[in-house]
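Asks: A structural model of the following input is requested.
(one chain, ligands or ions: 1)
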Amino acid sequence: MKTAKKKIGILTGGGDCPGLNPAIRGCVYAAEKFGYQCVGLQDGWKGLVNGVTMPLDRETVEYAIMKGGTMLGTSRTNPFKEEANVRKCLANFKKLGLHALVAMGGEDTLGVATRLYGEHKLNVVGVPKTMDNDLSATDYTFGFDTSVTKAMEAAEALMDTGRSHRRVMVMEVMGRHAGWVALFTGIASAADYVCLPERKINTIELIAKIKASYARKRFALVVTSEAAVLPAEKADATKHELDQFGHHILKDRGMGERIADFIEKNTGFETRSAVIGHMQRGGAPTLFDRILGTRVGIKAAELVRDRDFGKMSALVGNKIVGVPLADATGELKTVSKEWFDMMEVLF
Ligand code: F6P
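Replies: Numbers count the residues shown, from 1 in each chain. Down below sits the predicted model:
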């Protein structure tokens with residue numbers, strides 16, 4: 001009699017980003033090669049809470065390598081918000097006949113994975129993803145390269161029109177807790193100033209630099225993270241709605257617009273702002289993200305095969321290795337001192 005193949009469930013949680021589909025594909029290809037069968041859980045942890053699945057095999061994922069978003073759907077569902085939902089996750093894991101679960105996500109999704117493994121001994125492995133690149137224990141996450149490439153192209157376009165109209169242009173990019181996207185966009189597009197959530201904006205320096213740049217070339221570009229803070233403004237914590245993981249939802253915050261107003265008032269230069277927003281999170285993954293996604297996806301299947309649960313596949317140097325999930329979710333990776341030093345040179 002033929003024995004049934006062991007089943008691996010795969011889910012993607014949190015904000016989507018380019019590289020998720022290549023990671024799903026890599027994981028499915030490797031898992032099938034090792035003799036497993038895969039199934040997709042739809043819309044992040046919500047799929048496990050409600051037991052909603054979709055078929056996932058080599059054929060389904062064949063051309064996923066070039067597609068943005070996530071074919072499994074995603075959500076910001078946190079099962080630990082309600083104990084009953086954790087119980088549902090455990091019951092559905094059994095009911096669906098899962099041998100292991102591969103959770104692809106950032107600090108929140110992987111935080112849930114860490115707890116399901118630590119507190120409930122579930123066979124879970126993680127795959128790191130986030131366009132914010134703020135996850136610890138991995139050098140880079142897929143999604144970041146594509147997002148910054150898109151933001152860089154948008155910044156260059158803004159510069160063209162800014163140069164023509166002799167204006168200061170301010171571009172706002174995503175990055176809720178970490179300024180990696182703003183920093184890399186600013187470096188790559190030769191911006192005149194970059195504003196990050198990690199350090200309060202030095203307004204005297206900002207105005208002086210914009211005036212100097214404008215005097216030299218009659219336009220300037222500022223790149224700001226959505227979460228940067230102008231010192232005159234109080235970070236009003238109560239103003240924003242919170243998601244299920246307790247993060248502020250930054251929609252309508254308008255950081256770029258406020259910095260643009262500040263610059264115009266304090267320099268007299270005509271200033272415009274633009275927000276790239278969710279456009280930087282969609283679209284086809286870059287080569288880097290296709291390859292990184294594929295590699296960490298394959299590694300996740302290897303971790304399952306080796307029963308190395310409670311681990312996440314990570315990029316360390318140029319190698320893909322298994323690291324404890326808890327190391328990835330303990331602390332966010334924010335922009336560090338060495339990068340601040342580099343900013344002194346560049347901006
Ligand atoms: O995934 C993180 C992130 O991209 C943040 O940079 C941003 O603040 C947030 O997602 C936006 O999330 P949503 O898609 O829920 O608006």
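Asks: so how far is residue 211 from residue 233?
Replies: 22 Å (CB to CB, to the nearest Å). C-betas here are computed from N, CA, C, even on glycine.
Asks: give me the more crowded residue out of the two.
Replies: Under the criterion of other CB atoms under 10 Å, the comparison of residue 233 against residue 211 puts residue 211 first, with 17 against 12.
Asks: phi, psi for the residue lying closest to that one once chain neighbours are set aside please.
Replies: Counting by CB to CB, 6 or more residues apart in numbering, residue 267 is the residue found nearest to residue 211 once chain neighbours are left out, at 5.9 Å. When read as degrees, to the nearest 10, the backbone of residue 267 gives phi -120, psi -30.
Asks: count of neighbours near residue 267?
Replies: 17.
Asks: tell me the spacing between it and the ligand.
Replies: Relative to the ligand, residue 267 is positioned 29 Å away (CB to the nearest ligand atom, to the nearest Å).
Asks: now do the end-to-end distance for stretch 314-329.
Replies: 13 Å (CA to CA, to the nearest Å).
Asks: sorry, wrong one. I was asking about stretch 308-323.
Replies: 10 Å.
Asks: now it: mean pLDDT?
Replies: In this model, stretch 308-323 has a mean pLDDT of 98.
Asks: stretch 129-136 too?
Replies: On average, stretch 129-136 scores 96.
Asks: residue 221 contacts residue 192, correct?
Replies: Yes: if you go by CB atoms under 8 Å, residue 221 and residue 192 touch, sitting 5.6 Å apart.
Asks: enumerate the residues of this protein near the ligand.
Replies: Residues of the chain lying close to the ligand by CB under 6 Å from any ligand atom are 14, 15, 130, 131, 132, 174, 175, 176, 226, 250, 251.
Asks: can I get those in TSV including neighbour count and secondary structure?
Replies: Output for these, formatted as TSV (neighbours: other CB atoms under 10 Å; DSSP: H, G, I helix; E, B strand; the rest coil):
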residue	neighbour count	secondary structure
14	27	coil
15	21	coil
130	27	coil
131	29	coil
132	27	coil
174	21	coil
175	30	coil
176	18	coil
226	22	coil
250	17	coil
251	11	coil
